[in-house]
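Asks: Just need the structure, nothing else, for what follows:
(2 chains)
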Amino acid sequence: MSETRVGLSAWGAYAPRLRLSRKAAAQANAWIAPGLAGKAKGERAMANWDEDALTMAVEAARDALGPDDDRSHVDALYFASSTAPFSDRLNAGVVSAALTLEPATASADVTGSQRAGLTALAQALNAVRAGGSRNALVAAGEHRRARAASTQELDFGDGAAAFVVSGDDLAAEFLGHGAVTADFIDHFRGADAEFDYYWEERWIRDEGIIKLVPPAIKAALQAAGITGDQVTHFCFPCTFAGLAGNVAKACGIAPEVVRDNLAAQMGEAGSAHGLVLLAHALEQAKAGDVIVAAQFGQGAEALVFRVTDKASSRRPARGVTGSLADRKEETNYLKFLFFNGLVDWDKGMRAEKDNKTALTTLYRNSDMILGLVGGRCTETGVVQFPRTRISVAPNKPTVDTQEPYKFAERKAEVLTWSADYLTFAMAPPNHYGTIVFEGGGRIFMDITDVEPGDVDAGLPVKMVFRVKELDERRGFKRYFWKATPDRSRAAKAVAAE
Amino acid sequence: MASGIRDKVAVIGMGCSKFGERWDAGPDDLMVEAYLEAMGDAGVEPTQLDAAWFSTHVDEFGTGKGGTPLSIALRLPNIAVTRVENFCASGSEAFRGAVYAVAAGAADIALAVGVEKLKDTGYGGLPVANAGTLIPQTAPNGSAPGNFAQLASAYRAKHGVSKEDLKRAIAHVSVKSHANGAKNRKAHLQKAVTEEQVLNAPMIAEPLGLFDCCGVSDGAAAAIVTTPEIARSLGKTDLVTVKALQLSVSNGYESQFNAWDGSYFHTARIAAKKAYREAGIENPRKQISMMEVHDCFSITELVTMEDLFISEEGKGWRDVMDGFYDADGGVPCQIDGGLKCFGHPIGASGLRMLYEMYLQLQGRAGERQLANPVFGMTHNLGGSPSTNVCSVAIVGREGA
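Replies: Numbers count the residues shown, from 1 in each chain, chains lettered A, B, ... in the order given. Okay, here's the model as predicted:
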């Protein structure tokens, strides 16, 4: 093995703003599933209708990459999810386009088990250590689906995390990796199935997790040259109460270093959750701390890191901590069902419009639609969206003078808006308007994650990558950018007044 | 500047179908209704028509994309028929075609007909439109009221008008149009409403309530134009002539350049200035006797009063509240009820506006007749505030 140091140089996370109150969900289902009362505590992260595994992964990646929109240093991308929106279309390709990564970026979807997030991270670490990549981006997102009134519905949560794997400037050094592969089927989801099918809990716990996970962790510790008692943060997603402690104990790891699995605030974000817990640990760790992140899924994956003195200065703008703080309680369980496609509802005549996407048009305008890239005139400096052959500058219609100009990371505010009750919307009223950007440029676009009363002219907003529309007839999803209140800037503006 | 159209063309006949929910009629029936009235009014035979312009916008429903729907419905004698479309300003576009053909000497007598059969689409409002393959991938899934409602948020921000004051001002716009429409037997909506009703109506698109939005109607309107000389040879006296026809079309300035503030129509101001110059009008607030503007939504009408330079910028809402645009005000507006109450069959609207101006100038407007009008102005708009076509036409007494 090469002695090259590799590890994590940056990280980010995302949890959707909406949090379904478990109490509200349990109460709504009490008539048919009274047993859910035992889980009626805390809340679970709930994707808005326009969020999915891809969009959340993009947001986590943006958090990891920071506000600089030059991402030319990233040369490999791994997207991990067990709920990727496309079975045959490179999901990482959408992430890459949204982040405006270089065309030469290598990319892969990693999927098929609940440990896919950690698997992707292990592969990225190996690729960088082997010299096959200099800076690899790993982004995991999960939009979990469960039947109404199931326990999974309450256990699960939606979310994402992302890491930049590098050989330089490390916030955490990678020490060792261990894996176990076993076709142990605690649950499965067929290729065309909507929901998971589960086997008996005691078997999963006693024959699966407790037997398959510790060997992976022990192998990782051995590779790292670390003993269990040196571990200071143990990240292990598990919805069985106390089981993470048992796994830790089996590996010689002290039970008190087992990290909170965020069940109360977020719920378990499937294959992204191991990375979410790792990101959370990094946000709270101090230099020298040893973090073990492990996750179960047809065996297990385990990774060991040592936190460097740069970690504290490398904390992302939002991270897990910021994501969990930016929350809005949702007590309307029906909204959760509608957003997750669990109710066949009357969308009205205005929803009948055909959302067929012209794939030619999408490809030709890929940087504009997926990357929010407009144009800047090299003669006048005027920026505009979209980029056009003849500049929009009044009295200066220069021809072919525009270079690509990225809007996604720019500050913006609302110029005009309305809340539309007539048009079809998944979350009416549909808010939209003209958004103007600092430095120039404006875009007529949707405004998301808002309710009546939230929007007015002058509201500071930021860009988020979201589902634009669903083509239910063909099973296609459109993605585009939307404006959402920049609540931290708005709060600062109020404080300054 | 081009010499313009002033007094080069006269309107010798106009017709308009009853607007409304015309369950009894197809688009061909509506066209015939408007056409027969116009032909009877002009006193000409079909064989005297040299060319026709046909406007319709929502073409999928019962008309079509060519000239044949008009030619067949009216059994025209194999003359040229040109179909035009420019969003909600399509009717004005048809009129422009016919007028310019006459002014150019390419036709002696020309016909313009606009029609729309919206109630066969099944929608309560305008049907959902196909915007091509690119725009739907980025633009919001909006509606016409949602697009125009944004004028209100921008107008409030710019002029510091409170939500309540602006809501009351736009309510008065609708109250006024309903009062006028109640005197028009061809109007779709013929009931007066109170300010309280308007203010308490269900919200359609913030801040526009149900009564802030115009009706969705079926209807057709027609005009027959010729030169003043031919008009006189046909025995016409007291001619109504075209004084100005201007059309301004967005070039992306509003939607892509960071100067427009969203509170007004850039194109309307350009078209209005050009129209006043073409018509020789120096003080529109004093000289314009009456007008029909594109009141698709109450807020549109309010900002249009400023865009046409009748009200001072930022003061339009006060003029509205003061009743300046009421039937007995300084410049009566929407005397026939406007889009709000007469109705808005897209392809017919521009011609319907001219129909009222023509009747008024001829003293034939019945119980809503104004005293001695000289210049009538129509303003017809298509698209949305940020991307639109705006037509301004001025007609008046010959020689005025």
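
Asks: Find the residue closest to residue 236 in space, skipping its chain neighbours.
Replies: Let's take chain A. Closest residue to A:Phe236 apart from its sequence neighbours, by C-beta to C-beta, 6 or more residues apart in numbering or on different chains: A:Ala244 at 4.4 Å. No exception for glycine: its C-beta is placed from N, CA and C like everyone else's.

Asks: Sorry, I should have been clearer: chain B.
Replies: Counting by C-beta to C-beta, 6+ apart, the residue nearest B:Lys236 is B:Ile12, at 5.5 Å.

Asks: Same question for B:Gly323.
Replies: B:Gly323's closest residue in space is B:Gly329 (C-beta to C-beta, 6+ apart), at 4.9 Å.

Asks: now swap in A:Trp203 and tell me
Replies: A:Asp186 (8.0 Å).

Asks: can you pull the contacts of the residue nearest to A:Phe236?
Replies: A:Ala244 is in contact with A:234, A:236, A:238, A:258, A:261, counting by C-beta atoms under 8 Å, 6 or more residues apart in numbering or on different chains.

Asks: Compute the number of surrounding residues for the first one.
Replies: This means A:Phe234. 26 (other C-beta atoms under 10 Å in any protein chain shown).

Asks: So it: helix, strand or coil?
Replies: State at A:Phe234, reduced to three classes by DSSP: H, G, I helix; E, B strand; the rest coil: strand.

Asks: How much space separates it from A:Ile217?
Replies: 9 Å (C-beta to C-beta, to the nearest Å).

Asks: residues from the stretch 101-250 of chain B in reach of chain A?
Replies: B:122-123, B:125, B:128, B:130, B:133-134, B:136-143, B:145-147, B:149-154, B:156-157, B:202-206, B:208 (C-beta under 8 Å from any C-beta of the partner chain).

Asks: Let's see which of the residues you listed end up in helices.
Replies: B:136-138, B:145-147, B:149-154, B:156-157 (DSSP state H).

Asks: are any of those buried, and which?
Replies: B:136-138, B:145-147, B:149-154, B:156-157 (16 or more other C-beta atoms under 10 Å in any protein chain shown).

Asks: In these, find the pair that's most separated.
Replies: B:Gln137 and B:Arg156 (30.9 Å; C-beta to C-beta).

Asks: need the contact list for the residue of the stretch 251-400 of chain B found nearest chain A.
Replies: For the stretch 251-400 of chain B and chain A, the shortest gap (C-beta to the nearest C-beta) falls at B:Gly262, measuring 3.8 Å. Taking C-beta under 8 Å, 6+ apart, we find B:Gly262 in contact with A:415-416, A:434, B:150-151, B:153-154, B:254, B:385-386.

Asks: what's the most distant pair in those residues?
Replies: Across the contacts of B:Gly262 (C-beta to C-beta), the longest gap, 15.2 Å, separates B:Ser153 and B:Glu254.

Asks: what residues go with each domain of chain A?
Replies: A:7-339, A:349-372+A:407-496 (automatic domain parsing).

Asks: mind checking the end-to-end distance for the first one?
Replies: In domain A:7-339, first residue to last residue: 37 Å (C-alpha to C-alpha, to the nearest Å).
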